[in-house]
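Student: okay, here's the prediction I keep looking at, along with the sequence it came from:
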Protein chains: 6
Amino acid sequence: MRVDGRKVDELRPVKITRRFTDAPEGSVLIECGNTRVMCTATFTAGVPRWRRDSGLGWVTAEYAMLPRATSERTARESVRGKIGGRTHEISRLVGRCLRGVVDMKALGEYQVQLDCDVLQADGGTRTASVTGAYVALVDAMRWAAHKRYISSPDKVLRDCVSAVSVGVIDGTPMLDLPYPEDCRAMTDMNVAMTGAGKFIEIQGTAEHRPFDRTELNRLLDLAEQGNRELQRAQSEALAD
Amino acid sequence: MRVDGRKVDELRPVKITRRFTDAPEGSVLIECGNTRVMCTATFTAGVPRWRRDSGLGWVTAEYAMLPRATSERTARESVRGKIGGRTHEISRLVGRCLRGVVDMKALGEYQVQLDCDVLQADGGTRTASVTGAYVALVDAMRWAAHKRYISSPDKVLRDCVSAVSVGVIDGTPMLDLPYPEDCRAMTDMNVAMTGAGKFIEIQGTAEHRPFDRTELNRLLDLAEQGNRELQRAQSEALAD
Amino acid sequence: MRVDGRKVDELRPVKITRRFTDAPEGSVLIECGNTRVMCTATFTAGVPRWRRDSGLGWVTAEYAMLPRATSERTARESVRGKIGGRTHEISRLVGRCLRGVVDMKALGEYQVQLDCDVLQADGGTRTASVTGAYVALVDAMRWAAHKRYISSPDKVLRDCVSAVSVGVIDGTPMLDLPYPEDCRAMTDMNVAMTGAGKFIEIQGTAEHRPFDRTELNRLLDLAEQGNRELQRAQSEALAD
Amino acid sequence: MRVDGRKVDELRPVKITRRFTDAPEGSVLIECGNTRVMCTATFTAGVPRWRRDSGLGWVTAEYAMLPRATSERTARESVRGKIGGRTHEISRLVGRCLRGVVDMKALGEYQVQLDCDVLQADGGTRTASVTGAYVALVDAMRWAAHKRYISSPDKVLRDCVSAVSVGVIDGTPMLDLPYPEDCRAMTDMNVAMTGAGKFIEIQGTAEHRPFDRTELNRLLDLAEQGNRELQRAQSEALAD
Amino acid sequence: MRVDGRKVDELRPVKITRRFTDAPEGSVLIECGNTRVMCTATFTAGVPRWRRDSGLGWVTAEYAMLPRATSERTARESVRGKIGGRTHEISRLVGRCLRGVVDMKALGEYQVQLDCDVLQADGGTRTASVTGAYVALVDAMRWAAHKRYISSPDKVLRDCVSAVSVGVIDGTPMLDLPYPEDCRAMTDMNVAMTGAGKFIEIQGTAEHRPFDRTELNRLLDLAEQGNRELQRAQSEALAD
Amino acid sequence: MRVDGRKVDELRPVKITRRFTDAPEGSVLIECGNTRVMCTATFTAGVPRWRRDSGLGWVTAEYAMLPRATSERTARESVRGKIGGRTHEISRLVGRCLRGVVDMKALGEYQVQLDCDVLQADGGTRTASVTGAYVALVDAMRWAAHKRYISSPDKVLRDCVSAVSVGVIDGTPMLDLPYPEDCRAMTDMNVAMTGAGKFIEIQGTAEHRPFDRTELNRLLDLAEQGNRELQRAQSEALAD
């Protein structure tokens, strides 16, 4: 039993709110327990210079935290004048995960920018960003299909994608770590998977205690189960 | 009659949600029509270096917009590596307005940082920031009194403060301009007032057509009325 | 009676020197008491990208202080690698004031950049910048008319503009505050007016003690009188 | 058979040169095929502020590429004024891998900074950085033991660590990808392992085609084998 | 005969105005022909961290150009967010030249910051900066002696220093090049000398045509003569 | 006799290794005693914007130090977010020296970027950069001639160029100062010369003790001799 009463293989409650704000082509608030991330998708004509005239689209992501998403205030990166390594790392991760399910040819020379802004952080903000950004991306694709920029969302999106964190706490592999568990985890892994159950991204780090193949397998089992449930939540949200 | 059916001296619907997030000492979501700003107050021991050993506290504010608060995506200032002039100007305005009602001696050597992040922008984001930040500030003062850092919120806060925009559209002075009106306004004024009906800040700009004393007076009348209503909304929210 | 012997409604001595340097299309040194600001106007073909093909011109301003304009040396913003909020705020104010008297259509797709560099600061540097920049702008317009870029300065400039500071010191409203008074002012207001006596910009701030309508009216009366005198000085300088 | 004649489970030739330069406490040139990375270890008294008085040491890493490490010149990040996301991501990866084998308590309040500068890039620069940085770290520990800052390298270093890339090319899992293979890889994974055969870091990304559990297992087998060989090369170099 | 009617070994008219502004400990306007540089000296207690507790003082310089010092407007380095190479190079040159005549032990743990801001540029701005900064430095030393921070200016200043440019135009060595000559010069040299006729700095560059020993000697003769005259102007200004 | 046993007019051992890395059009490792600099030349079509359609080529240089080139680690300029004055100064010096032997018309609208990265610093890194960069430039010219971008290296390169440091130590002029001597030098001079024995750049600085004409001449004699030997080493390296 865990601090919040969950079982080791149990997700925190997930809530996905679409059309959270009006302006973006896709706008989603995802809540995973106390973690809350606002994910917007911006659809624009044209692609970055290095990709022009390739006939291919582009998907990119930016992640950020509001100053008081955390228990102590974090200085704004805009005020500090530079983006920190953690922000860069997560933005890149989110971008790769989403690109992993997009058929760039079917998208054509359009760009989707995914913005994931953490309103409240309680562990798993990067995985919640991936899961929420996918829903915003679908909404943007529906918008684009409606506007006839693309033929249909199904042509562009090859599969869905979600991500979840897993970790080893006091020797026990557990699913979906909130912040207090995350701090105590000896091993920490973020796993992004498609609806078909394949991996798009595995990032396991064991700064505090290396892990072996057996633990890895158990963690991947948990992640698989968690992602299946998250994808169910995505489907339900998108069915509304 | 205006586009959204309001009368010239009518505010947009105001909604103030306290405890919008858990971590900050004060956390408020203020909605003025479609404008939505998240205002948090962070209370910390100590003051900036230049104010140390003065026995006085400090209050400061930072304003920012999420990339898709607007109809077209705005690049992040963290990514551009610098803060724009508009952001600086508004952050400073919000800070001055809030400091205008704080007794720094009663606060003692503590600092309150107010963060106003615009989730959705439809005109009047800077005035909504002032109005919402005041409520967050009260909550932070209550927290601080509870923790015995200050004696009581009433000692520190000399009065309440709110702000509202007014402007002249096609020759008619109007209260609380949404974005489409703001764009058409020849004169645009932001007015911050205390509960006692005094001015803390008046910023009137008439880049497009200068205004005379008569118009100014009519605008200030409207602002006075608007601020009274906003202060009622603040009171009600704080009474919960 | 004030420290420097002036009456409450008396301006400091104003001196406007045109052709202060040779290279710019307009180059003015304005001295208001001990405050000295060098204002240059640069006239160039073309406008910023966002304004291209609009048939409209553009006017913009940048304000800065030399390191030893002040009694203690201020670090250069170029060395610090970023522009501070105060600088941004003032640059924007000066730009708005000057744009307020320019007919952008008559200017055509040309840009005027106004640079206001404070050689010596003794209060009122932002208002001196507005007053001096207007004279530099007229000289640049005369140059442009001579070069046949515009038809005539009178077509482009709809009126003159000047600005002055007013404030309440120990309960008494006063005109044109030097630095020592500025520090003691409970209320501080900068007012930019046209030759026709209309307002282009009012920025009143009362961080230290809110002010009421009566004080506001008295301050505006003083500002009106001060601006009339400043505009007389502008006229005389331009008549040479 | 691969372009360079290697078998799918064969490493490129590895060469580790210790004492490559004189000044650093550890200085290593590691060559993995045509990839060449200079890794230096700097040992200094004291730790970053946030870790002071903890009794614990700290290990951190910075990765960079010389402009012409690549076939087209890459602009210097110093000239661009900011560090790119890829650089941040890799620096963080290298730091975590090395910290994964260090007993911070045994190190005491000393810091080791690892600098990995790529002189020539032909794929696998981040994994070569980890492998080379470990050797530089050992040399720095020997130096520190000699200077009596630490008791012995074996107390501080709990195990060795190396890293290798693996990937799926045209459906075939392969070990140690040079640049041309890296570009064609549908799945790309970097695996850091200890001498005991445990994982410190797994970063698998499949932006171009998701992978399943079977492929993952085959990739991990290859990585295990590759890391065993790299650790043999580390041992031999350190035995000189 | 030269464009401006001078002989090849003739300086442009030099004018040195002391007490150009009131706030700095030394404030000088130096005019060399149309080149005008404002040089201020700021005297402060304490030295940079790396020099603390050495008993030695420090002298440093910063050079900058106002945007319209030149015939085309130069963007502000503060706006661009970084200092250019030319600015850095000249600031360092000016600092070295002034340090070259200061006895740091006699100065004690005080710092003098020299700010050289070019109001108008017509060639030779860096050499005018050196010549003018020396006069501002003397005034700051007199101020410091008066305030009893140092015993006497003569103890701190071992000699005077001035600088002048020389160059080869169409094969003819010439003294003190204005901008149009500077552009045409195949060889360009800046020479800083002490009152005793010794060299503190020689910077000769011949990007456009290498020069030989004979030319070098002729250029140095001219520089010697020019510096003698500049030092006479310094003396006269300081005698007032 | 000097610390390292050399005579006052003796160079440190010079070793020039061409084709040090594979990717660049020219890649040279130059070793002058313990100073080691990697110099690469990148040849690209096109020139900077300000030089377009001039028919002329461009040559530019960037100098940098790896963090542990020095006995104490130097923070990366990329991490600090700005380039220091010393780096700017040296980059500009190297660029000017190389441009001094290039016929820009014969080069045509191509650009050569020279990157000089110091792997190990023991004095004379800027002069070694010039000497090494020339060899890299020749290799890039040979490559360009082979690719038919230019007619022949001899047409583009008017002469060779090398640079050496000289200085006065305890009253004795000496050639080629290593770091410990450099620190003690009262006068320090860097001299770049062509194969014809003419000067391209002379930078003498005497922050610690001014020097006279006699010393200058002796220093130039030493520099001339040193450069002749360096040019012999360049020739030999290029003959391989």
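Tutor: Alright, I've got the coordinates.

Student: what about residue A:214, which SS state?
Tutor: Following DSSP: H, G, I helix; E, B strand; the rest coil, the label given to residue A:214 is helix.

Student: no wait, residue A:167
Tutor: strand.

Student: would you agree it is in contact with residue A:183?
Tutor: No - between residue A:167 and residue A:183 there is no contact under C-beta atoms under 8 Å: 10.2 Å. All C-beta spots, glycine's among them, are computed from the backbone N, C-alpha and C.

Student: which one of those two has more residues nearby?
Tutor: Using other C-beta atoms under 10 Å in any protein chain shown, the more surrounded residue of residue A:167 and residue A:183 is residue A:167, with 26 against 11.

Student: grab the nearest non-local neighbour of that one.
Tutor: residue A:185 (3.6 Å; C-beta to C-beta, 6 or more residues apart in numbering or on different chains).

Student: same question for residue A:186.
Tutor: residue A:209 (3.9 Å).

Student: what about the one you found, distance to residue C:140?
Tutor: 70 Å (C-beta to C-beta, to the nearest Å).

Student: so is the residue located most distally from the centre of chain A in a helix, a strand, or just coil?
Tutor: Distance from the C-alpha centroid of chain A peaks at residue A:53, with 29.4 Å (C-alpha atoms, centre = their mean). Following three-state DSSP, the label given to residue A:53 is coil.

Student: and residue A:17, by the same measure?
Tutor: Secondary structure, three-state DSSP: residue A:17 is strand.

Student: does it have beta-bridge partners, and which?
Tutor: Taking DSSP bridges as the rule, residue A:17 bridges to residue A:29.

Student: please, where are all the helices along chain A?
Tutor: For chain A, the helices defined by DSSP state H cover A:77-80, A:85-99, A:104-107, A:125-146, A:153-156, A:179-184, A:213-239.

Student: neighbouring contacts of the second one?
Tutor: It refers to helix A:85-99. Helix A:85-99 has contacts (C-beta atoms under 8 Å, 6 or more residues apart in numbering or on different chains) with A:59-65, A:77, A:112, A:114, A:116, A:125-126, A:129-130, A:133-134, A:137, A:161, A:163, A:190, A:192, A:200-201, A:203, B:78, D:83-86, D:88-89, D:91-92, D:205, D:207.

Student: may I have that helix exported as PDB, CA atoms only?
Tutor: Extracted in PDB, the C-alpha atoms of helix A:85-99 (Å, rounded to 0.1, in the frame of the first residue of the first chain):
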ATOM      1  CA  GLY A  85      18.700  21.700 -19.100                       C
ATOM      2  CA  ARG A  86      15.700  20.000 -17.600                       C
ATOM      3  CA  THR A  87      13.300  22.100 -19.600                       C
ATOM      4  CA  HIS A  88      15.200  21.400 -22.800                       C
ATOM      5  CA  GLU A  89      15.400  17.700 -22.100                       C
ATOM      6  CA  ILE A  90      11.600  17.400 -21.500                       C
ATOM      7  CA  SER A  91      10.600  19.500 -24.400                       C
ATOM      8  CA  ARG A  92      12.700  17.300 -26.700                       C
ATOM      9  CA  LEU A  93      11.200  14.200 -25.200                       C
ATOM     10  CA  VAL A  94       7.600  15.400 -25.700                       C
ATOM     11  CA  GLY A  95       8.400  16.400 -29.300                       C
ATOM     12  CA  ARG A  96       9.900  13.000 -30.200                       C
ATOM     13  CA  CYS A  97       7.000  11.100 -28.600                       C
ATOM     14  CA  LEU A  98       4.400  13.000 -30.600                       C
ATOM     15  CA  ARG A  99       6.400  12.800 -33.800                       C
END
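
Student: show me what from chain A comes close to chain B.
Tutor: Within chain A, the positions adjacent to chain B are A:21-24, A:27, A:34, A:36, A:38, A:40, A:42, A:44, A:62, A:64, A:66-71, A:73, A:76-79, A:81-83, A:87, A:113, A:115, A:117, A:119-121 by C-beta under 8 Å from any C-beta of the partner chain.

Student: among the residues you listed, the buried ones, what's the ChimeraX command?
Tutor: Command for ChimeraX that selects the buried part of those, burial taken from 16 or more other C-beta atoms under 10 Å in any protein chain shown:
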select /A:21,23,24,27,34,36,38,40,42,62,64,66,67,68,69,70,73,76,77,78,79,81,82,83,87,113,115,117,119,120,121
